[in-house]
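S.K.: with the sequence up front, the predicted model follows.
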Amino acid sequence: DGGITQSPKYLFRKEGQNVTLSCEQNLNHDAMYWYRQDPGQGLRLIYYSQIVNDFQKGDIAEGYSVSREKKESFPLTVTSAQKNPTAFYLCASTPLGNTEAFFGQGTRLTVV
Amino acid sequence: AQKITQTQPGMFVQEKEAVTLDCTYDTSDQSYGLFWYKQPSSGEMIFLIYQGSYDEQNATEGRYSLNFQKARKSANLVISASQLGDSAMYFCAMRELSFGNEKLTFGTGTRLTIIP
């Protein structure tokens, strides 16, 4: 079955540690996105990528980094520079053009 | 700059009534797509409906319809005959389609609660 897989579902890290969230899709989609969602809030765009080896900053990129070495993979690293990393992180993918985005199940990151 | 505005943080609606969730957008692009998603308490994002900027007819998908008023830059979601299972967060989103920009931006959402 095609889809987007985010792992792990829950992640705990100590303050000051970098952590990488995984996002894999087998839908052959060109564009991939990372969003952050805080409790009761909307989705804020962190980074997005339209093709392999290229990505653009979203609205809240500070303290995060990404890579797009393969079409199906778009990992997100939450660095120690991110001041308040505890949040729900959603990954999405879509073909280029006029179609809806497909989402993973999300990763809930808690930094203690 | 792209911007989506949802002005209703929360709404309470009696079961079986219709409900309209507001969404306005701002873009200088002529070609764009508008989307509505539902997010239950489980956190998953469920795609509901899509409207293209060049579509002349309002989109409909079952109980969902999109009231698209291009001149007013609004894309309101209408849910007919609401059900208890419609209780969730609802997000409006826009994607500009000019070459080189596939940015997909979401509004802050509306929490809909259906009352039995």
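M.R.: Yep, that arrived. Numbers count the residues shown, from 1 in each chain, chains lettered A, B, ... in the order given.
S.K.: so what's A:Pro75 up against?
M.R.: The contact partners of A:Pro75, by CB atoms under 8 Å, 6 or more residues apart in numbering or on different chains, come to A:20-23, A:66-67. Yep, even glycine has a C-beta here, placed from its N, CA and C like the rest.
S.K.: quick check, pLDDT for the residue nearest to the spatial centre of chain A.
M.R.: In chain A, the C-alpha nearest the mean C-alpha coordinate belongs to A:Trp34, at 3.1 Å (CA atoms, centre = their mean). With respect to pLDDT, A:Trp34 scores 97.
S.K.: touching, it and A:Cys91? I think so.
M.R.: Yes: if you go by CB atoms under 8 Å, A:Trp34 and A:Cys91 touch, sitting 5.7 Å apart.
S.K.: now do the shared contacts for these two.
M.R.: Between them, A:Trp34 and A:Cys91 share the neighbouring residues A:21, A:23, A:74, A:76, with contact defined by CB under 8 Å, 6+ apart.
S.K.: which element is the residue nearest to the third one when sequence neighbours are not counted on?
M.R.: The shortest distance from A:Phe74 to any residue that is not its chain neighbour, by CB to CB, 6 or more residues apart in numbering or on different chains, is 4.0 Å, and that residue is A:Met32. Element membership for A:Met32, per DSSP states H and E: strand A:31-37.
S.K.: sorry, back to before: which of the shared contacts of A:Trp34 and A:Cys91 fall in helices?
M.R.: If you go by DSSP state H, these have nothing in helices.
S.K.: and the two most separated of the residues you listed?
M.R.: By the measure CB to CB, those have their two most distant members at A:Leu21 and A:Phe74, which lie 9.7 Å apart.
S.K.: so which of those two has more stuff around it?
M.R.: A:Phe74 (29 against 22; other CB atoms under 10 Å in any protein chain shown).
S.K.: surely that one is in contact with A:Gln50?
M.R.: No: counting by CB under 8 Å, A:Phe74 does not reach A:Gln50; the two are 11.0 Å apart.
S.K.: for chain A, which segments count as strands?
M.R.: Counting by DSSP state E, chain A forms strands over residues A:4-7, A:10-13, A:19-25, A:31-37, A:43-51, A:54-57, A:64-66, A:76-78, A:87-94, A:102-103, A:107-111, given from the N-terminal end onward.
S.K.: before we move on, back to that, which residues are common contacts for A:Leu21 and A:Phe74?
M.R.: The overlap between the contact sets of A:Leu21 and A:Phe74 (CB under 8 Å, 6+ apart) consists of A:34, A:91.
S.K.: any low-confidence regions in the chain?
M.R.: No chain specified, so I'll use chain A. A:1, A:98 (pLDDT under 70).
S.K.: wrong one, chain B
M.R.: Along chain B, the model assigns pLDDT under 70 to residues B:1-2, B:99-100.
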